[in-house]
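>>> Sharing a sequence plus its predicted fold:
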Amino acid sequence: MPYALYKGDKNMKITCGTDIIEVERIKKAIEKNKEKFLNEIYTKKEIQYCEAKKVKKYEHYAARFAAKEAIFKAISNTLKNKYDLTWKDAEILNNEEGRPYVILNKEKIKKDIQIEISLSHIKEYAIANSIAKWEN
Ligand SMILES: CC(C)(COP(=O)(O)OP(=O)(O)OC[C@H]1O[C@@H](n2cnc3c(N)ncnc32)[C@H](O)[C@@H]1OP(=O)(O)O)[C@@H](O)C(=O)NCCC(=O)NCCS
């Protein structure tokens, strides 16, 4: 019953975020300044995952870049200062089935936020969607 659902969830906040990026843009950024760019944007585990993909690695890097942007869009209204967050404060990992999930830096993001993400990529573009849910 819709009313019952609303009643139970009235303090629950749900937001979404999305982002799309050209794979070539990420490829160029990596080729220009590999170590600096990778270490600023990606965690060690994210780099390991993408590098293991060999030929398609730039698609995977681009998808993770888009995911971080999409997550930021979903949670930005919970932050006092958006510049407090860095790229590595949201880590994108994959479970044994390949499904992506997110680890947020709890030191910086105080609210208990649950994030769902979905990624897709082709040669030219990578896209990410995120949904954030927390108790208000
Ligand atoms: C997993 C699958 C859906 C990926 O689709 P794809 O078109 O090959 O590739 P996309 O670029 O759209 O998506 C790749 C991303 O899907 C995500 N993904 C992989 N496995 C996943 C899973 N089990 N659940 C959710 N997301 C998954 C990953 O984030 C992956 O990117 P990443 O490796 O960089 O993290 C596909 O390989 C598959 O297994 N299909 C079979 C099932 C199916 O399509 N059935 C259709 C009828 S229901």
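Arrived safely. Quantities reported herein were computed from a predicted structural model and do not represent experimental measurements.
>>> Provide a list of residues in contact with whichever residue of the chain sits closest to the ligand.
Here the residue of the chain nearest the ligand is Gly98; by Cβ to the nearest ligand atom that distance is 2.9 Å. To be clear about C-beta, it is placed using only N, CA and C from the backbone, and glycine gets the same treatment. When contacts are counted by Cβ atoms under 8 Å, 6 or more residues apart in numbering, Gly98 touches no other residue.
>>> Pretty sure it sits in a strand.
No: the assignment for Gly98 is coil, going by DSSP: H, G, I helix; E, B strand; the rest coil, so no strand is present there.
>>> Can you report phi and psi for it?
phi 100, psi 0 (degrees, to the nearest 10).
>>> and Ile14, which of the three is it?
Applying three-state DSSP to Ile14 yields a three-state assignment of strand.
>>> Glu69 too?
When states are read from three-state DSSP, the local structure at Glu69 comes out as helix.
>>> for it, what are its contacts?
Shown in contact with Glu69 (Cβ under 8 Å, 6+ apart): 17, 19, 21, 128.
>>> Could you find which two of the residues you listed are furthest from each other?
Gly17 and Ile21 (13.4 Å; Cβ to Cβ).
>>> Can you tell me which residues in this protein are near the ligand?
60, 63, 94, 97-100, 119-121 (Cβ under 6 Å from any ligand atom).
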